[in-house]
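Q: Just need the structure, nothing else, for what follows:
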Amino acid sequence: MAISGVLKAATAGILGAVGTGGAVYFGSKALSSSDSKEEKSVYTFRDKFAGRLVTSVATDNQWKVRLDKLTQEKSKSPQKKGLPESTTQADLHQWCVNTSSMEFDANREEIFESFCVLMNKERITGTLIQSGGTWSGANSRLGAIEDSKLSQELKGIRDKVKVNSASGKELETWCVSKYELPFREDKDFEYVELYCTEVKQATSAQASPSGS
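A: Numbering: from 1, shown residues only. Okay, here's the model as predicted:
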């Protein structure tokens, strides 16, 4: 056999025969490049909420908070569809783990986000001022912020607390309403971290060294 014929035969044996549609046949099995791409393209809940999922163990208080929330939701809206059937922290934890690996479905997004995603207050690095706490310092801080650094909503709040920093409730109401919302790395989260946390007290000047 001519050398070129030998090479052709060897090449055919190694690569197999290429069929229509991009399928390559190895023996009796066909591998389709389109099939492999389809497998890799599945977009899961974990992908959608990457970096924002509750990852603590089932016994952590984060899951107790969410189980209590779920119990209240079922009591308030017993006919609401899609709620986890979980009755324990471990059940709810496992429901989130299982659902996170499923293909993302916008129809289930709200419920998944409510029970499996971190809340704003769980991602804040500073100390949040709680409802009924002392807000005068935070009111004064917000009152000094220029327009370009605020949303339209916060501009209105700033203008109100600016004239009544000692007892104005507008900032407190706004902040507290954001604490338990799902963490989304948006502007509201940034504002909560900037304007709803305790004001750091300026350090007193160092005492002068003793005279010579």
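Q: Can you show me the helices along the chain?
A: 3-15, 33-40, 45-48, 61-76, 89-100, 109-116, 120-123, 136-143, 152-162, 170-178, 187-195 (DSSP state H).
Q: who's in contact with the third one?
A: The one in question is helix 45-48. 53, 99-102, 104, 108-109, 112, 116 (CB atoms under 8 Å, 6 or more residues apart in numbering). From N, CA and C alone the C-beta is placed, and that goes for glycine too.
Q: What subset of the residues you listed is buried?
A: Among the contacts of helix 45-48, those that count as buried by neighbour count (16 or more other CB atoms under 10 Å) are 53, 99-100, 104, 112, 116.
Q: Helix or strand with the lowest mean pLDDT in this structure?
A: Least confident helix or strand of the chain, by mean pLDDT, DSSP states H and E, is strand 23-26 with a mean of 38.
Q: Tell me, how many residues neighbour Thr127?
A: 11 (other CB atoms under 10 Å).
Q: ok, so what distance separates it from Glu73?
A: 29 Å (CB to CB, to the nearest Å).
Q: so which of the buried ones among the contacts of helix 45-48 comes closest to Tyr43?
A: Phe104 (5.0 Å; CB to CB).
Q: my read: that closest one touches Thr44, true?
A: Yes. Phe104 is within contact range of Thr44, at 5.8 Å (criterion: CB atoms under 8 Å).
Q: Buried ones in stretch 41-50, by neighbour count?
A: In stretch 41-50, counting by 16+ other CB under 10 Å, buried: 45, 48-49.
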